[in-house]
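Trainee: give me coordinates for this.
(one chain, ligands or ions: 1)
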Amino acid sequence: MVGIFILSPVSHPAPKCPGIKPTKVSPSNKYSIMALHYYLPAAVVLTMLAVAELSRRWRATRLLYPPGPKPRFITGNLHEIPAESAWITYTEWGKQYGDIVHAQAFGNHILILNSVKVAMELLEKRARIYSDRPALPMIPLTGLEFNLAVMPHGEKWRQYRRLFHQHFRRDAIAAYHPIQLRKIHNLLRDLLATPESFVEHAKTLAAAVIMATIYGYDIEPKNDRFVYLAEEGIKRFAEVMLPGSFGAVNTFPFLRHLPSWFPGCGFHQYARDASKLLDEMKNAPFDFVRQSMRDGVDRLSVLSKLLQHNDTHGGSKELEQSFKDVTAVAYAAAADTTSATIVVFIMAMALYPEVARKAQDEIDAVVGCGCLPEFEHKSQLPYCEALVREVFRWRPIVPMGVPHSTTEDDIYEGYFIPKGTVVLSNIWAMVHDESMYPNSDQFNPERFLNADGQLNADDHILGFGFGRRVCAGRHAADATVWGAVVSILSTFNIAKAKDETGKEIEIKIEFTGDLVSHPKPFKCVITPRSDTTRQLVESITDV
Ligand code: HEM
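Mentor: I've put the predicted structure just below:
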């Protein structure tokens, strides 16, 4: 508005000065005066705006970045950032520099958030500018743009996220409880048959639940084609996202324009192969559901519901594509994370048998011996709920979250955070913050209970991330993990394995250093609690 007023032509009366003869105005002079009247104010305003912007930028660049290790010329702090388990280094930096740490790599800014407080301040309260994802060149090259988890914070992401929300929000999850329980009961049978393969069984459970939920598809016990495709797809995703393998092209985007025969440009071939595989991963289960619909088989799955609705409302091919994308992402995001969390639970129970016993006493008192727990029992099992919260806290399996990035310059507590900064939530540091979780290395469900044994208010599972990009499947994940925990505890004991001399074999608490950090192989013994529970598991028929 101010600009419109200033730029409006103003009519000035000619000056009437005695003794001074008015000069005749030549056409060129006339234009100069017009220019003076009309354009000068505009030029002044534009100059003022430019100066204001420059001074804002100047002030911004004069502001300090948050504290952090001193960067080297050109490479920044790259030499100090380990390719694996970076959260350990970042937590050390947190102790030295504080809750918010700044680092650089080849001119790219990295911000590490080491406390819940700053994560809430930036990722939740300032979500408008902290909800983007870093744009890695390998993402479009491999055709991974369909993945909601790496999409930029724009209209397409909103549309996909809404679709996801419709089917995975808290009050939609109850519809999947029967599927979850059916697959969890299969897990119990598998554990009875081959307890030493508990990691494989946890993987099968996670894959089976999500495949049945989204495609209405019951996976084969071994060598399932869809599971194979999905696992290969997840591998490609992890390889593309991690700095190691494609660090060069992800750091120097111009490299993607070099031809594939150019030395060091093998990533083109990799991207082409990955793209084919990802297409197959999306298309194969989609075609299966479409074929079932043509055959008149109602698979009662997320995808068939979406397609039926779309077909009856004359929906578009574009929408159909979005359903294909969203369901494929659900599998990719759910399988690895859920199975790793269940293995963390098994590890914790072998290490802390007294915790398992307390939970078993609670289950026996509420559910009764000879019965398996149901989701209806959840509210009566506060200790078990606290135990599940502690599993998520004790060893978060996505310890660095998924990187966010900023879409605008920002200033936080006097520090300058430039547009395009990669923001990492160091969930590992947050769950080991001694001021929030004393003796944080101990597995202790009581930290989530009040003195009266009821749950306290700390129900924010930090392991699911923050803000608008918080895990879209967290309610489904929580339900599968809860169901697996109480069902296993109600029927089995978990203990450390023993060597030939009868001595317990210590479990090393070691994890892989990937985006999804899995427990490294460990031994434990899983045995039925009693003859009754053995018979109970044997009597499960629906495989
Ligand atoms: C124990 C299991 C799981 C854990 C620990 C976990 C953790 C996470 C984390 C840390 C993020 C990133 C959050 C952020 O950017 O701040 C995330 C994103 C996501 N998760 Fe999960 N997740 C789990 C299971 C699932 C399941 C079962 C599904 C689907 C049914 C799912 C779907 C997603 C999706 C779609 C995103 C991307 C959200 C976006 O970028 O907008 N997750 N998850």
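Trainee: what about stretch 217-226, how long is it end to end?
Mentor: This stretch, stretch 217-226, spans 9 Å end to end (CA to CA, to the nearest Å).
Trainee: average pLDDT for that stretch?
Mentor: Stretch 217-226 shows a mean pLDDT of 90.
Trainee: run the chain-centre distance for that stretch.
Mentor: On the basis of CA atoms, centre = their mean, to the nearest Å, stretch 217-226 is displaced by 26 Å from the centre of the chain it belongs to.
Trainee: in that stretch, what's buried?
Mentor: Buried positions in stretch 217-226, judged by neighbour count with 16 or more other CB atoms under 10 Å: 217-219, 224, 226. The way it works is simple: take the backbone N, C-alpha and C, and place the C-beta from them, glycine included.
Trainee: what do you get for stretch 130-148?
Mentor: 130-134, 136-139, 141-144, 146-148.
Trainee: show me where the stretch 301-450 of the chain has its helices.
Mentor: For the stretch 301-450 of the chain, applying DSSP state H, counting those that start in this stretch gives helices covering 302-312, 317-351, 353-367, 382-394, 427-431.
Trainee: now swap in the stretch 151-300 of the chain and tell me
Mentor: Assigned by DSSP H, counting those that start in this stretch, the helices in the stretch 151-300 of the chain fall at 155-168, 177-193, 198-215, 225-241, 243-251, 267-294.
Trainee: same question for the second one, mean pLDDT?
Mentor: Going back to what we said before, that points to helix 177-193. Mean per-residue pLDDT for helix 177-193: 96.
Trainee: what packs against it?
Mentor: If you count contacts as 3 or more CB pairs under 8 Å, 6 or more residues apart in numbering; DSSP states H and E, helix 177-193 packs onto helix 198-215, helix 474-491, helix 531-538.
Trainee: now do it against helix 474-491, angle only.
Mentor: 40 degrees (axes from the mean of the first three to the mean of the last three CA atoms, to 10 degrees).
Trainee: is the ligand contacted by helix 177-193?
Mentor: No. In terms of CB under 6 Å from any ligand atom, no part of helix 177-193 sits within range of the ligand; the closest distance is 10.8 Å.
Trainee: list the buried residues for that helix?
Mentor: Using 16+ other CB under 10 Å as the test for burial, helix 177-193 gives 177, 179-192.
Trainee: and which of those residues is nearest to Cys369?
Mentor: If you rank the buried residues of helix 177-193 by distance to Cys369 using CB to CB, Leu188 comes first, at 15.1 Å.
Trainee: burial of the closest residue to the closest one other than its chain neighbours, as a residue count?
Mentor: Distances taken as CB to CB, 6 or more residues apart in numbering place Val537 nearest to Leu188, at 4.8 Å, with adjacent residues excluded. Number of residues near Val537 (other CB atoms under 10 Å) recorded here: 22.
Trainee: isn't Val537 right next to Asp190, touching?
Mentor: No. Val537 lies out of contact with Asp190 (CB atoms under 8 Å); the separation is 9.8 Å.
Trainee: average pLDDT for stretch 481-499?
Mentor: Rounded mean pLDDT across stretch 481-499 is 97.
Trainee: again with stretch 519-531
Mentor: In the prediction, stretch 519-531 has an average pLDDT of 97.
Trainee: now do the same contact list for the residue nearest the centre of the chain.
Mentor: Central residue of the chain (CA atoms, centre = their mean): Val402, 4.7 Å from the mean position. Contacts for Val402 were tallied using CB atoms under 8 Å, 6 or more residues apart in numbering; they are 133, 149, 465, 469, 515.
Trainee: against Ala479, how distant is it?
Mentor: In this structure, Val402 and Ala479 are 21 Å apart, going by CB to CB, to the nearest Å.
Trainee: got the residues of the stretch 301-450 of the chain near the ligand?
Mentor: Proximity of the stretch 301-450 of the chain to the ligand (CB under 6 Å from any ligand atom) is limited to residues 329-330, 333-334, 337-338, 341, 397-398, 401-402, 404, 425.
Trainee: give the PyMOL command for selecting the buried subset of these.
Mentor: Applying 16+ other CB under 10 Å to these leaves a buried subset, and the PyMOL line that selects it is:
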select buried, resi 329+330+333+334+337+338+341+397+398+401+402+404+425
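Trainee: redo the residues of the stretch 301-450 of the chain next to the ligand as JSON lines? Include pLDDT.
Mentor: Putting these into JSON lines (pLDDT from 0 to 100) gives the following:
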{"residue": "Val329", "pLDDT": "90"}
{"residue": "Ala330", "pLDDT": "90"}
{"residue": "Ala333", "pLDDT": "89"}
{"residue": "Ala334", "pLDDT": "91"}
{"residue": "Thr337", "pLDDT": "94"}
{"residue": "Thr338", "pLDDT": "96"}
{"residue": "Thr341", "pLDDT": "98"}
{"residue": "Ile397", "pLDDT": "97"}
{"residue": "Val398", "pLDDT": "95"}
{"residue": "Gly401", "pLDDT": "94"}
{"residue": "Val402", "pLDDT": "93"}
{"residue": "His404", "pLDDT": "96"}
{"residue": "Ser425", "pLDDT": "97"}
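Trainee: nearest to the ligand: which residue in the stretch 1-150 of the chain?
Mentor: As assessed by CB to the nearest ligand atom, the ligand sits closest to Ala149 within the stretch 1-150 of the chain, at 3.6 Å.
Trainee: and stretch 408-421, what's buried?
Mentor: Applying 16+ other CB under 10 Å to stretch 408-421 flags 409-410, 416-418, 421 as buried.
Trainee: of those residues, closest to the ligand?
Mentor: Taking CB to the nearest ligand atom as the measure, the ligand sits nearest to Thr421 out of the buried residues of stretch 408-421, at 14.8 Å.
Trainee: which ones are touching that closest one?
Mentor: For Thr421, the contact set (CB under 8 Å, 6+ apart) comprises 109-111, 405-406.
Trainee: same question for Ala334.
Mentor: By CB under 8 Å, 6+ apart, the contact set of Ala334 is 206, 209-210, 473, 476-477.
Trainee: quick check: it vs Trp87, distance?
Mentor: Per CB to CB, Ala334 is found 22 Å from Trp87.
Trainee: how about the strands of the stretch 51-200 of the chain, start to end?
Mentor: Secondary structure of the stretch 51-200 of the chain (DSSP state E, counting those that start in this stretch): strands at 100-105, 108-113.
Trainee: redo those as TSV? Include mean pLDDT.
Mentor: Below are those laid out as TSV (pLDDT from 0 to 100):
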stretch	mean pLDDT
strand 100-105	94
strand 108-113	95
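Trainee: as TSV, those with distance to the ligand and mean neighbour count would be great.
Mentor: Shown next, in TSV, are these (distance: least, CB to the nearest ligand atom, whole Å; neighbours: other CB atoms under 10 Å):
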stretch	distance to the ligand	mean neighbour count
strand 100-105	16	24
strand 108-113	10	24
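Trainee: in JSON lines, list these along with distance to Arg161.
Mentor: Putting these into JSON lines (distance: least, CB to CB, whole Å) gives the following:
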{"stretch": "strand 100-105", "distance to Arg161": "27"}
{"stretch": "strand 108-113", "distance to Arg161": "22"}
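Trainee: what's the closest of the ones you listed to Glu280?
Mentor: strand 108-113 (33.3 Å).
Trainee: can you tell me the strand partners of that closest one and which way each runs?
Mentor: Using DSSP bridges, the strands paired with strand 108-113 are strand 100-105 (antiparallel), strand 422-425 (parallel).
Trainee: for it, what is the distance to the chain centroid?
Mentor: With CA atoms, centre = their mean, you get 17 Å for strand 108-113.
Trainee: contacts for it?
Mentor: 65-66, 68, 76-77, 90, 93-94, 99-104, 119, 122-123, 251, 417-418, 420-426.
Trainee: now do stretch 287-297, average pLDDT.
Mentor: For stretch 287-297, the per-residue pLDDT averages 92.
Trainee: how far off centre is that stretch?
Mentor: With CA atoms, centre = their mean as the basis, stretch 287-297 stands 32 Å off its chain's centre.
Trainee: next one: stretch 140-157
Mentor: So, by CA atoms, centre = their mean, the centroid of stretch 140-157 is 13 Å from its chain's centroid.
Trainee: then that stretch to PDB, C-alphas only?
Mentor: Output in PDB follows, covering the C-alpha atoms of stretch 140-157 (Å, rounded to 0.1, in the frame of the first residue of the first chain):
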ATOM      1  CA  PRO A 140      15.500 -38.400  -8.700                       C
ATOM      2  CA  LEU A 141      18.100 -40.400 -10.500                       C
ATOM      3  CA  THR A 142      16.800 -43.600  -8.800                       C
ATOM      4  CA  GLY A 143      13.200 -42.600  -9.200                       C
ATOM      5  CA  LEU A 144      12.800 -42.500  -5.400                       C
ATOM      6  CA  GLU A 145      10.800 -39.200  -5.500                       C
ATOM      7  CA  PHE A 146       7.600 -41.300  -5.000                       C
ATOM      8  CA  ASN A 147       8.700 -41.900  -1.400                       C
ATOM      9  CA  LEU A 148       6.800 -39.600   0.900                       C
ATOM     10  CA  ALA A 149       9.600 -39.900   3.400                       C
ATOM     11  CA  VAL A 150      12.100 -38.000   1.100                       C
ATOM     12  CA  MET A 151       9.700 -35.700  -0.700                       C
ATOM     13  CA  PRO A 152      10.100 -31.900  -0.500                       C
ATOM     14  CA  HIS A 153       7.700 -30.200   1.900                       C
ATOM     15  CA  GLY A 154       5.200 -29.200  -0.800                       C
ATOM     16  CA  GLU A 155       1.700 -29.900  -2.200                       C
ATOM     17  CA  LYS A 156       2.400 -33.500  -3.300                       C
ATOM     18  CA  TRP A 157       3.800 -34.400   0.100                       C
END
